[in-house]
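1. Here's a sequence, model it:
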Amino acid sequence: MVQAEVGDTVRVRYTGRSEDGTVFDSSADGEPLRFALGQEMMIPGFERAVVGMRPREFKTVTVPADQAYGPRQEELVVEIDRSTIPMSIEPNVGMAIEIGKSKDKMLHVEVIEVTESKIVLDANHPLAGKNLIFEIELVEIESRVTEERI
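-> Numbers count the residues shown, from 1 in each chain. Here you go, the predicted structure:
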C-alpha cells in the first residue's frame, strides 16, 4: 500500500492536545484537513508525522515545542501605557487584540495583565513553548507528485 510522501496532497483527521490533555484543535468531527506535505502549511512536527503514513492509518505522536510553535520568547511580552489604548476599548485579561500600522502587518497579541496604568501584552503564539500531542488519521492521499524522467 502506498505511503504519504513530501509533495503529496493529503487529507487527515486529527485532534491536538496539550500535555495536560486540553484539546486545542480538532477536525475529528468535521471535514478532513487538506494540505500538501512539504509546503510548510502545517507545523513541522505534524508534517513529519504524516510522512510515511498509509491511508486509514492512525497514529499518536508527541511533537516537541521546537517542532511546533517554538519556544516562548520573553521579549515578545511587552508592557504599554494604558493611555495608548483607545478609551472605547476595555481591555481584559485573555482578550485577543490586533495591533499594527497597516492591515497587512497586524500582530496578534493577548492581554495578560491589566492595571490602572499599564497593560501587558504577549505576542507569543498561545502554544509556544509547549509539547503537543496529536492523534492523526490519514484519510487519503488525494494526489501524488509525479517525477518526470528524462
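2. going forward, measure contacts and count neighbours with C-alpha atoms only.
-> OK.
3. Name the nearest residue to Met42, ignoring sequence neighbours.
-> Sequence neighbours aside, Phe35 is the residue nearest to Met42 in space, at 8.0 Å (criterion: C-alpha to C-alpha, 6 or more residues apart in numbering).
4. Number of residues surrounding the residue lying closest to Ile136 once chain neighbours are set aside?
-> The spatial neighbour of Ile136 that comes closest, neighbours along the chain excluded (C-alpha to C-alpha, 6+ apart), is Tyr14 at 4.4 Å. By the measure other C-alpha atoms under 10 Å, the count of residues near Tyr14 is 22.
5. Then Glu75?
-> Using other C-alpha under 10 Å as the criterion, the residues surrounding Glu75 number 9.
6. when you give positions from now on, start the count at 16
-> Taking 16 as the first residue, the last one we looked at is Glu90.
7. That one looks like it's in a strand, true?
-> No. Inclusion of Glu90 in a strand is not indicated when DSSP: H, G, I helix; E, B strand; the rest coil is applied; the result is helix.
8. just to revisit the earlier point, and the residue nearest to Ile151, what element?
-> Taking DSSP states H and E as the criterion, Tyr29 maps to strand 24-33.
9. strands paired with that strand, and their directions?
-> strand 38-41 (antiparallel), strand 48-51 (antiparallel), strand 147-158 (antiparallel) (DSSP bridges).
10. Enumerate the positions of stretch 73-90 that are buried.
-> The neighbour-count check on stretch 73-90 (16 or more other C-alpha atoms under 10 Å) flags Phe73, Thr77, Val78, Pro79, Ala80, Asp81, Gln82, Ala83, Tyr84, Gly85, Pro86, Arg87 as buried.
11. I'm done for today, thanks for sticking with me.
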